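1. coordinates only, sequence not included:
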């Protein structure tokens with residue numbers, strides 16, 4: 001199927017330098033007594049300059065900066081560090097990051113502005129080489145020996161940079177360790193680019209203010225959100241390509257369930273439907289990966305080095321998805337696994353290269369800088385707002401005006417709500433002690449979604465088919481349900497890879513209007529036998545789901561009763577005549593029940 005192309009007013013590809021304050025021509029801001037204070041960092045974006053000025057205009061020990069992924073938090077923090085070192089306000093720097101790869105990334109970024117940071121420092125060694133002005137650790141590394149770090153911090157005037165500070169609230173022991181180690185620090189600069197969550201564990205050194213319900217809300221000293229960054233052309237607009245489809249699986253109780261991904265069903269069944277969709281042996285994930293690769297090909301027309309990332313639930317799935325992509329593209333993608341000792345080097349090499357695809361589990365979910373990533377596939381059962389924001393953040397960094405990002409997601413209500421709320425800012429909320437801990441609830445929900453209440457070896461994904469559902473952009477839905485591989489789907493996959501946000505919205509509206517005007521009757525006449533059977537199975541599954549909600553009976557039991565009454569094989573291999581008979585039969589049930 002040929003991708004439909006659209007001719008629009010061209011967007012000139014140019015290296016981004018949006019809203020930059022160039023101190024080489026305008027002079028240094030009052031906070032900077034000497035240009036040598038910050039090495040080669042002579043240019044700042046407008047928001048960075050504003051945050052920097054606020055930092056020095058209102059000197060305080062703790063400063064929390066919240067900025068959307070891709071905005072440039074690292075540059076801001078290192079500019080602060082270089083200035084404080086030059087003014088002798090501090091003697092040493094300690095950087096704390098979530099992962100091993102990120103602490104190395106921080107050290108490399110610091111070196112570019114003249115600050116030598118040791119990313120291999122071990123808390124047991126006590127000292128770093130005199131060549132270094134500071135060290136980089138992970139939060140787990142801090143928890144390994146907070147007392148040794150405290151002694152080190154007490155020995156010098158120290159600036160502590162806490163990257164993605166919300167990780168200090170991931171575990172009570174991590175928060176306590178961060179507080180113990182860095183309580184005597186001269187300055188603490190806290191950074192985050194993802195939404196905070198609600199729980200009862202305060203994040204160390206973050207200020208809170210009272211709320212009307214008795215809880216507390218975090219207070220950021222400077223905030224720069226996705227909407228602002230999009231308006232400044234610092235980040236890319238993100239198109240969420242949502243895919244639904246028909247799922248069939250067997251539960252631990254032996255029930256055979258037919259349902260539509262994203263349709264009305266219980267939480268457990270919804271989790272099982274998602275698990276079925278992501279099964280590497282099913283047709284759903286294969287169709288979505290193929291669609292994503294088609295989209296990547298279109299994007300590479302304007303961004304020749306554009307790359308794609310598949311975020312998988314586990315290592316087994318990651319390897320299987322890599323095999324599928326090899327079959328689709330003819331080349332093996334880069335596979336990054338958490339227990340791979342060379343994971344960081346693989347990411348760095350991918351970032352500097354032009355390979356099409358990388359597949360990872362959690363290694364690239366937060367903070368990792370791969371600016372050429374432009375197409376993503378969210379193929380994981382993890383569905384907390386924090387993880388979703390971290391994952392999407394990998395695709396938003398813009399390098400040139402007009403670049404867009406496309407993220408393919410399962411069409412389930414929770415993920416679609418996250419996609420629609422991309423521009424919403426969230427603070428960290430400390431709920432009253434009597435209220436449930438949202439973080440614990442989210443963690444429990446994530447376990448339920450992953451395990452789906454099914455003992456190992458009892459769940460069986462029997463089959464899946466993918467349908468293009470809609471595009472979510474700027475909080476609105478565009479498009480009508482279409483079969484994967486159809487001309488309608490290709491219309492959206494073929495959107496130009498270089499568009500301004502207003503052009504994206506205009507083109508999506510035009511696509512939707514075109515589809516709405518097409519005659520359903522004419523389309524029906526052109527449908528193949530395969531398409532007709534799919535439509536009948538979809539209709540039957542929808543009726544079974546509706547009957548389940550009316551009677552509370554399991555989907556499998558309803559299907560079994562229909563087969564008993566009408567005869568024939570399971571619906572996956574039933575003929576059009578047999579499917580229509582079951583549809584008529586279940587409709588008669590509804591009529592009979594309503595007449596009582």
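-> Perfect, thanks for sending it. Given the structure is predicted, the values throughout are model-derived calculations rather than measurements. Numbers count the residues shown, from 1 in each chain.

2. and the end-to-end length of stretch 389-404?
-> Stretch 389-404 has an end-to-end distance of 17 Å (criterion: CA to CA, to the nearest Å).

3. all strands of the stretch 1-150 of the chain, in order?
-> According to DSSP state E, counting those that start in this stretch, the stretch 1-150 of the chain carries its strands in the segments 20-22, 43-45, 62-67, 92-97, 117-118, 134-138.

4. which elements pack onto the shortest one?
-> By that I understand strand 117-118. Here strand 117-118 touches helix 100-112, strand 134-138, going by 3 or more CB pairs under 8 Å, 6 or more residues apart in numbering; DSSP states H and E. In this view, the C-beta of every residue, glycine as well, is placed from N, C-alpha and C.

5. and with 6 Å instead?
-> Counting contacts by 3 or more CB pairs under 6 Å, 6 or more residues apart in numbering; DSSP states H and E, strand 117-118 is packed against strand 134-138.

6. quick one: the longest helix seen in the chain to chain centroid distance?
-> Using DSSP state H, we find that the single longest helix of the chain is helix 529-551. Chain-centre distance of helix 529-551: 31 Å, with CA atoms, centre = their mean, to the nearest Å.

7. mind listing what's buried in the helix or strand that comes right after it?
-> As assigned by DSSP states H and E, the chain's next helix or strand after helix 529-551 is helix 555-566. The neighbour-count check on helix 555-566 (16 or more other CB atoms under 10 Å) flags 555-559, 561-563, 566 as buried.

8. now, which of those sits nearest residue 234?
-> Of all the buried residues of helix 555-566, residue 234 sits closest to residue 555, with 46.9 Å by CB to CB.

9. any idea how far that closest one is from residue 253?
-> 11 Å (CB to CB, to the nearest Å).

10. residue 467 too?
-> Counting by CB to CB, the gap from residue 467 to residue 253 is 28 Å.

11. residue 570 now?
-> Residue 570 is 17 Å from residue 253, by CB to CB.

12. just want to know which of the two has more residues nearby.
-> residue 570 (14 against 10; other CB atoms under 10 Å).

13. check contacts around that one.
-> Applying CB atoms under 6 Å, 6 or more residues apart in numbering, we find residue 570 in contact with no residue.

14. next: residue 486.
-> Contacts of residue 486 (CB under 6 Å, 6+ apart): none.

15. now, which of the buried residues of helix 555-566 sits nearest residue 150?
-> Nearest to residue 150, judged by CB to CB, of these is residue 555 at 57.4 Å.

16. and the pLDDT at that closest one?
-> Per-residue pLDDT puts residue 555 at 78.

17. so how far is residue 585 from the closest residue to it other than its chain neighbours?
-> Residue nearest to residue 555 in three dimensions, not counting chain neighbours: residue 257, with 4.1 Å by CB to CB, 6 or more residues apart in numbering. As judged by CB to CB, residue 257 and residue 585 stand 19 Å apart.

18. more neighbours, these two?
-> Shown here are residue 257 and residue 585; by other CB under 10 Å, residue 257 has more neighbours (25 against 15).

19. list the beta-bridge partners for residue 410.
-> When bridges are called by DSSP bridges, residue 410 pairs up with residue 243.

20. what's the pLDDT at it?
-> Here the pLDDT value assigned to residue 410 is 96.

21. ok, it - how many residues close by?
-> 28.

22. what does residue 409 give?
-> Residue neighbour count, defined by other CB under 10 Å, stands at 24 for residue 409.

23. okay, it and residue 510: tell me how far apart.
-> Using CB to CB, residue 409 is found at 23 Å from residue 510.

24. now residue 464
-> In terms of CB to CB, residue 464 sits 31 Å off from residue 510.

25. looking at these two, which is more packed in?
-> Neighbours were counted for residue 464 and for residue 510 using other CB under 10 Å; residue 464 has more, 23 against 13.

26. pretty sure that one sits against residue 277.
-> Yes. Using CB atoms under 6 Å, residue 464 is in contact with residue 277, at 5.4 Å.

27. what sits in contact with each of those two?
-> Counting by CB under 6 Å, 6+ apart, the residues touching both residue 464 and residue 277 are residue 284.

28. and residue 567, how close does it get to residue 476?
-> Per CB to CB, residue 567 is found 46 Å from residue 476.

29. hmm, back to that, just give me the closest of the buried residues of helix 555-566 to residue 201.
-> Using CB to CB, residue 555 is the member of the buried residues of helix 555-566 that lies nearest residue 201, at 39.6 Å.

30. from residue 343, how far off is residue 355?
-> Distance, residue 355 to residue 343, by CB to CB: 15 Å.

31. which of those two has more neighbours?
-> Legend: neighbour count by other CB under 10 Å for residue 355 and residue 343, higher for residue 343 (19 against 16).

32. my read is that the more buried one contacts residue 335, right?
-> No. Taking CB under 6 Å as the definition, residue 343 is not a contact partner of residue 335, at 9.6 Å.

33. just give the closest residue to residue 540, not the sequence neighbours.
-> residue 583 (5.3 Å).

34. wait, the one you found sits on residue 542?
-> No. With contact defined as CB under 6 Å, residue 583 does not count as touching residue 542 (9.6 Å).
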